[in-house]
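>>> fold the stuff below for me.
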Amino acid sequence: MFNLKSLRRNKTVKYGVPMLLLVVGGSFGLREFTQIRYDAQKIRKRLDPSLEAKVNVQKQSVILEEEYEKIKEMNLDEWKNIRGPRPWEDSREYQEQQRRKLSNKD
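All right, here's what the predicted structure looks like:
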């Protein structure tokens, strides 16, 4: 009886132990909830098997030399660098201006 009364009065047992249980138990609970989140994201990101096969084939078939040959065949001398519209400019109006400039130069 004496030990039980002294434990009830002890501040460490009264406040510290529940706090410690809350912190440790909370970390385990959060781990479970975050695991559910990551599992759901993994399921959502899965592709259709036929589409995934196409993507994998395309990734494997890219060869650096072939890409270099494609770029080498392009005519880069007549290439024009046209900047996009600024946020305050009307994009359609700016595109029309750029098209008129290009057609006048040709």
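
>>> which residues touch residue 82?
98, 102 (Cβ atoms under 8 Å, 6 or more residues apart in numbering). Glycine gets a C-beta too; all of them are placed from N, C-alpha and C.

>>> where does the chain have its least confident helix or strand?
helix 49-61 (a mean of 69; mean pLDDT, DSSP states H and E).

>>> quick check: buried residues in the very next helix or strand once past it?
Per DSSP states H and E, the first helix or strand lying C-terminal to helix 49-61 is helix 64-73. By 16 or more other Cβ atoms under 10 Å, helix 64-73 has no buried positions at all.

>>> now do stretch 38-54
Taking 16+ other Cβ under 10 Å as the criterion, stretch 38-54 shows none as buried.

>>> start to end distance for that stretch?
Distance across stretch 38-54, first residue to last, is 26 Å (Cα to Cα, to the nearest Å).

>>> what's it in contact with?
residue 55.

>>> where do the helices of this structure begin and end?
2-9, 11, 17-44, 49-61, 64-73, 91-105 (DSSP state H).

>>> looking at the ones you listed, which has the lowest confidence?
Across the helices of the chain, helix 49-61 has the smallest mean pLDDT, namely a mean of 69.

>>> still on that earlier bit, to residue 80, which of the helices of the chain lies closest?
helix 91-105 (6.8 Å; Cβ to Cβ).

>>> off-centre distance for that closest one?
36 Å (Cα atoms, centre = their mean, to the nearest Å).

>>> and what of stretch 39-55?
Distance of stretch 39-55 from the chain centroid (Cα atoms, centre = their mean) equals 16 Å.

>>> kindly report the same for stretch 6-24.
With Cα atoms, centre = their mean, you get 43 Å for stretch 6-24.
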